[in-house]
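J.: sequence unavailable; structure follows:
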């Protein structure tokens with residue numbers, strides 16, 4: 001009897017032990033499953049966060065690309081500022097084959113107020129007041145200011161010109177062109193060409209590349225070659241001539257940020273038939289000479305031999321008289 005009771009007690013203990021083991025096992029399985037679900041959720045959240053970051057980075061990159069593209073377009077627009085000085089004219093225009101017209105080209109050098117008469121032995125200085133008077137007088141007389149690039153297209157019979165046109169040029173690139181003449185060009189919205197000497201840019205009394213670019217970007221000022229050095233290029237030989245003007249032009253393009261038509265003026269007006277031929281062979285189809293007092297005519301236009309009227313000390317009335325006196 002006692003053995004039976006002992007067996008029953010042992011059986012109950014075994015059942016209880018089994019039940020506890022089963023409960024512990026169930027609890028262990030539940031904990032494992034719970035942790036697995038949490039891990040899956042964590043990974044999913046992490047993956048979602050990574051995706052969000054990727055999306056954000058992608059958006060930022062796209063926005064940056066758009067911003068960079070806009071900036072590039074804006075810079076291109078600024079760098080490539082073009083002004084059509086022959087647009088919306090209220091006077092007739094004529095192709096080269098239709099009418100013979102006079103094409104005066106003015107030459108200035110430096111500008112300073114007051115004019116330093118004692119040191120200006122070659123009469124190369126004007127000042128802002130005189131320059132303003134010159135332009136106003138010519139505008140009042142019905143003149144249209146054009147560029148040498150316009151003249152080139154006219155000579156190709158691509159465009160017509162009014163009967164009264166005029167071109168402003170300035171030699172050397174001295175600081176007065178920037179400080180005194182440039183404000184007047186902006187005031188009247190008229191163009192001018194400045195022929196620079198590369199080795200003098202940014203030195204004492206000469207404007208810098210940054211100032212040249214500022215003027216160029218308005219579309220009012222064209223920057224062209226006056227020689228890499230202020231040398232007498234008629235006697236340097238073919239190789240040196242071509243090397244210096246090629247280098248000069250390339251450097252101007254680099255600083256202005258775009259391709260520029262090849263146009264040059266001879267320092268001190270010193271040229272020869274050889275220099276004219278050699279430079280024309282490498283693309284300088286416009287070569288501006290000195291030939292003071294010469295007014296160019298469309299029926300005998302030679303773009304490699306353009307003459308100019310000195311205007312540094314002239315009044316507007318004197319400029320008009322010089323133009324009218326030419327036959």
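T.: Now that the structure is in, tell me what you want to look at. Because the structure is a prediction, the values reported are computed rather than measured.

J.: what about residue 83, how many neighbours?
T.: Taking other Cβ atoms under 10 Å as the criterion, the count of residues near residue 83 is 13. Glycine gets a C-beta too; all of them are placed from N, C-alpha and C.

J.: got phi/psi on the nearest residue to it once chain neighbours are set aside?
T.: Taking Cβ to Cβ, 6 or more residues apart in numbering as the measure, residue 83 lies nearest to residue 219, with 4.0 Å between them; neighbours along the chain are not counted. Backbone torsions of residue 219, given as degrees, to the nearest 10, read phi 80, psi 0.

J.: and residue 219, what's its pLDDT?
T.: The score at residue 219 is 98. That number is its pLDDT.

J.: with residue 58 instead?
T.: The predicted structure scores residue 58 at 47 on the pLDDT scale.

J.: residue 268 too?
T.: Predicted confidence (pLDDT) at residue 268: the value is 84.

J.: check contacts around it.
T.: Taking Cβ atoms under 8 Å, 6 or more residues apart in numbering as the criterion, residue 268 is in contact with 230, 232, 290.

J.: most neighbours among the residues you listed, which one is it?
T.: With neighbours defined as other Cβ under 10 Å, the most crowded of those is residue 290; it has 19 neighbours.

J.: so, low pLDDT: which residues of the protein?
T.: Low-confidence regions of the chain, defined by pLDDT under 70, span residues 1-81.

J.: please, where are all the helices along it?
T.: Here the chain has its helices, by DSSP state H, at 2-79, 128-140, 148-155, 175-176, 182-188, 209-217, 238-256, 273-281, 316-325.

J.: contact partners of the third one?
T.: What it means is helix 148-155. Contacts made with helix 148-155 from outside it, assessed by Cβ under 8 Å, 6+ apart, are listed as 85-86, 95-96, 103, 159-161, 167, 169, 193, 222, 224, 261, 263, 285-286, 288, 298, 301, 303.

J.: quick one, domains of the chain?
T.: 1-79, 93-325 (automatic domain parsing).

J.: winner for burial among those?
T.: Sort the domains of the chain by mean neighbour count, taking mean count of other Cβ atoms under 10 Å, and domain 93-325 sits at the top with a mean of 18.

J.: so how far is that domain from its chain's centroid?
T.: 19 Å (Cα atoms, centre = their mean, to the nearest Å).

J.: can you give me the end-to-end distance of that domain?
T.: Start-to-end span of domain 93-325 (Cα to Cα, to the nearest Å) is 23 Å.

J.: again with stretch 180-198
T.: The first-to-last residue distance of stretch 180-198 comes to 21 Å (Cα to Cα).

J.: what do you get for stretch 205-223?
T.: 17 Å.

J.: with stretch 251-268 instead?
T.: 22 Å.

J.: also stretch 201-212?
T.: End-to-end distance of stretch 201-212: 9 Å, with Cα to Cα as the criterion.

J.: just the ones of the contacts of helix 148-155 in strands?
T.: The members of the contacts of helix 148-155 that map onto strands under DSSP state E are 103, 161, 167, 169, 193, 222, 224, 263, 286, 288.

J.: what's the spacing between the last one and residue 294?
T.: Noted for residue 288: a distance of 11 Å to residue 294, by Cβ to Cβ, to the nearest Å.

J.: quick check: neighbours shared by the two?
T.: When Cβ under 8 Å, 6+ apart defines a contact, the residues bordering residue 288 and residue 294 alike are residue 308.

J.: residue contacts, residue 180?
T.: Contact partners of residue 180, counting by Cβ under 8 Å, 6+ apart, are 111, 112, 113, 127, 128, 131.

J.: which single one of those residues is nearest to residue 281?
T.: The shortest distance between residue 281 and any of the contacts of residue 180, using Cβ to Cβ, involves residue 111 and amounts to 35.3 Å.

J.: now for the residue lying closest to the closest one once chain neighbours are set aside: which residues touch it?
T.: In space, and not counting its chain neighbours, residue 111 is closest to residue 176: 3.3 Å by Cβ to Cβ, 6+ apart. Taking Cβ under 8 Å, 6+ apart, we find residue 176 in contact with 110, 111, 112, 125.
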